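Colleague: quick one, fold the following:
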Amino acid sequence: MATIKPFKATRPTRDKAALATSRSYDEYSKSELKASLRYNPFSFLHIIKPGYENQDELTGEERFKLVYKTYQKFKNENIYRKDGRSQYYLHEKSYGGDTFWGIIAAAHVKDYQNGIIKKHEDTLKAREELFGNYLGITGFNAEPVLLTYPESNYINRIYRKYNQTRSEFEFMTQNRRLHKLWIIDDDLDIENIAKEFDKMKAIYIADGHHRTASSNYLANKNKQENKNHTGEENYNYFMSYLISDANLKISSFNRFVKNLNGLTKEEFLKKLAVLFIVENKGKNVYEPSKKHHFSMYLNGEYYSLYLRKTEVPINNALSDLDTHILNKIILKPILGIKDLKTDSRIKCLPSVYNKKQLKKEVDKGNYKVGFGLFPVSVDQLKAVVNEGLRMPPKSTYIEPKLRSGLTIFEIND
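Modeller: Coordinates of the predicted model:
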């Protein structure tokens with residue numbers, strides 16, 4: 001019942017694919033961004049950050065219009081070209097022993113509205129409207145929403161079929177990520193892929209909740225303004241990267257807190273001992289090995305925290321999440337962290353980047369204590385969604401992370 005359709009992507013030419021595509025803008029440090037914009041004239045960053053040296057002088061709408069003009073300039077210079085027919089795109093990303101692959105396609109906002117495309121996070125209305133207006137003015141969507149679907153033998157066969165052929169793009173990025181892109185242009189394959197997704201009762205947003213909500217905002221706005229609205233205009237769709245839930249990788253976010261809320265180390269450990277079996281693990285790196293098991297770094301030493309389940313009732317999918325448990329019994333009542341999104345005393349960092357992250361951040365003096373969590377499983381994520389609940393902020397760090405500007409979906413086509 002999921003409506004997934006092919007589309008005419010605007011893509012960098014084969015010789016410029018490695019230079020043109022970029023990581024998400026907010027993943028760059030200031031120095032990286034400056035270097036890329038200064039030394040790489042083909043970078044997609046020039047489109048989303050036009051006239052970067054004078055950005056502070058531009059208002060939101062002025063900047064959006066400049067993004068549109070720069071995008072058109074890249075097309076006029078044949079850095080980007082639009083495909084002549086609607087098709088699907090098969091993308092593969094591999095690094096560090098992991099290989100991720102999925103189909104890039106257009107998904108319909110009606111499935112988001114009707115709950116076929118399911119979400120596990122709430123969104124902020126202001127951000128929905130801001131990015132929705134951005135989409136309306138620039139006229140394109142350059143970073144797909146990551147959607148996950150139940151394992152499909154048919155789509156797996158499609159992957160194996162195209163994977164044995166020469167890819168349209170193949171390039172390595174500076175951070176050692178190998179990307180490949182195939183074009184699925186066989187009419188029968190296109191028809192059968194659409195039918196396969198049409199059989200699925202639900203697919204889930206893995207990453208990109210605000211992008212999805214913003215596309216929905218724009219579709220509703222255009223529907224009201226277009227007297228001839230049919231529901232099939234491009235503004236009713238948003239670009240998606242569909243990946244099997246078996247191929248998804250979920251890591252956790254570590255939590256760091258600046259102080260112990262007026263408690264001494266001994267007082268803090270005593271309060272934890274009521275809720276957990278607490279063991280001092282010394283100076284060697286220690287990580288949680290299963291759910292409801294936490295690691296902690298405090299005063300130069302690692303601790304294991306095993307939840308005493310009699311102290312914390314587990315009665316629904318949300319209460320089973322380690323992020324919820326940590327918030328409910330440590331962060332709020334003991335450390336006084338009332339709001340994970342706004343409290344300046346806490347920071348959440350992806351655990352995937354550094355196994356010694358807890359020690360590093362605390363030993364530098366940035367934080368007093370760090371907590372490591374076992375990753376949420378796909379089944380836990382789905383259970384939360386299916387019960388109509390929402391996950392706490394920073395519950396999942398999901399891979400793969402996708403390139404911007406690899407394929408572009410033109411909303412006003």
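Colleague: farthest residue from the center of the chain?
Modeller: Taking C-alpha atoms, centre = their mean, the residue of the chain most remote from its mean C-alpha position is residue 266, at 38.9 Å.
Colleague: may I have the phi/psi pair for that one?
Modeller: phi -70, psi -40 (degrees, to the nearest 10).
Colleague: what lies in contact with the one helix or strand in the chain whose mean pLDDT sits lowest?
Modeller: Lowest by mean pLDDT, DSSP states H and E among the helices and strands of the chain is helix 30-39, with a mean of 89. The contact list for helix 30-39 (C-beta atoms under 8 Å, 6 or more residues apart in numbering) reads 22, 25, 28, 43, 45-46, 49, 52. Every residue, glycine included, has its C-beta placed from N, CA and C.
Colleague: rerun at 7 Å
Modeller: 43, 45-46, 49, 52 (C-beta atoms under 7 Å, 6 or more residues apart in numbering).
Colleague: pick the one among those closest to residue 185.
Modeller: Nearest to residue 185 among those: residue 43, at 27.9 Å, using C-beta to C-beta.
Colleague: can you tell me the closest non-neighbouring residue to the closest one?
Modeller: Leaving out its chain neighbours, the residue that sits closest to residue 43 by C-beta to C-beta, 6 or more residues apart in numbering is residue 36, at 5.3 Å.
Colleague: and that neighbour, how many neighbours does it have?
Modeller: The local packing of residue 36 (other C-beta atoms under 10 Å) involves 20 other residues.
Colleague: look up how far residue 250 lies from it.
Modeller: 29 Å (C-beta to C-beta, to the nearest Å).
Colleague: check residue 224 too.
Modeller: Separation of residue 224 from residue 250 (C-beta to C-beta) stands at 38 Å.
Colleague: so between these two, which is more surrounded?
Modeller: Taking neighbours as other C-beta under 10 Å, residue 224 and residue 250 compare with residue 250 leading, 18 against 9.
Colleague: specify the beta-bridge partners of the more buried one.
Modeller: Going by DSSP bridges, residue 250 is paired in beta bridges with residue 398.
Colleague: what helices or strands is whatever helix or strand comes next after the least confident helix or strand of the chain leaning on?
Modeller: Sequence order places helix 45-48 as the next helix or strand after helix 30-39, per DSSP states H and E. Applying 3 or more C-beta pairs under 7 Å, 6 or more residues apart in numbering; DSSP states H and E, one finds that helix 45-48 makes contact with helix 30-39, helix 60-76.
Colleague: what's the most buried one of these?
Modeller: The highest mean neighbour count among those, using mean count of other C-beta atoms under 10 Å, belongs to helix 60-76: a mean of 16.
Colleague: for that one, packing partners?
Modeller: Secondary elements touching helix 60-76 (3+ C-beta pairs under 7 Å, 6+ apart): helix 45-48, helix 125-138.
Colleague: what about 10 Å?
Modeller: Counting contacts by 3 or more C-beta pairs under 10 Å, 6 or more residues apart in numbering; DSSP states H and E, helix 60-76 packs against strand 10-12, helix 45-48, strand 80-82, helix 125-138, strand 140-141.
Colleague: export those to JSON lines and tack on distance to residue 115 and mean pLDDT?
Modeller: Compiled in JSON lines, those are given as follows (distance: least, C-beta to C-beta, whole Å; pLDDT from 0 to 100):
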{"stretch": "strand 10-12", "distance to residue 115": "31", "mean pLDDT": "97"}
{"stretch": "helix 45-48", "distance to residue 115": "31", "mean pLDDT": "93"}
{"stretch": "strand 80-82", "distance to residue 115": "33", "mean pLDDT": "97"}
{"stretch": "helix 125-138", "distance to residue 115": "18", "mean pLDDT": "95"}
{"stretch": "strand 140-141", "distance to residue 115": "22", "mean pLDDT": "96"}
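Colleague: those into TSV, with extra columns for mean neighbour count and distance to residue 367?
Modeller: Formatted as TSV, the helices and strands packed on helix 60-76 follow (neighbours: other C-beta atoms under 10 Å; distance: least, C-beta to C-beta, whole Å):
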stretch	mean neighbour count	distance to residue 367
strand 10-12	22	41
helix 45-48	23	32
strand 80-82	17	43
helix 125-138	17	27
strand 140-141	22	37
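Colleague: want to throw the ones you listed into JSON lines with distance to residue 240?
Modeller: Listed next are the helices and strands packed on helix 60-76 as JSON lines, based on distance: least, C-beta to C-beta, whole Å:
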{"stretch": "strand 10-12", "distance to residue 240": "16"}
{"stretch": "helix 45-48", "distance to residue 240": "19"}
{"stretch": "strand 80-82", "distance to residue 240": "19"}
{"stretch": "helix 125-138", "distance to residue 240": "14"}
{"stretch": "strand 140-141", "distance to residue 240": "10"}
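Colleague: tell me which of the ones you listed lies nearest to residue 151.
Modeller: Per C-beta to C-beta, nearest to residue 151 of the helices and strands packed on helix 60-76: strand 140-141, 26.9 Å.
Colleague: pull the following helix or strand past that closest one out as PDB, backbone CA atoms only.
Modeller: Later in the chain than strand 140-141, the nearest helix or strand by DSSP H and E is strand 145-149. Output of strand 145-149 as PDB, limited to C-alpha atoms (Å, rounded to 0.1, in the frame of the first residue of the first chain):
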ATOM      1  CA  VAL A 145      14.600  10.800   3.600                       C
ATOM      2  CA  LEU A 146      15.900   7.400   4.900                       C
ATOM      3  CA  LEU A 147      12.900   5.000   4.900                       C
ATOM      4  CA  THR A 148      13.100   1.300   6.000                       C
ATOM      5  CA  TYR A 149      10.900  -1.500   4.800                       C
END
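Colleague: what sits up against the next helix or strand after strand 145-149?
Modeller: Next in sequence after strand 145-149, counting helices and strands by DSSP H and E, comes helix 153-163. Residues from elsewhere that reach helix 153-163 (C-beta atoms under 10 Å, 6 or more residues apart in numbering): 88, 90, 92, 99, 101-103, 149, 152, 180, 182-184, 186, 189, 192-193, 195-197, 199, 242-244, 246-247.
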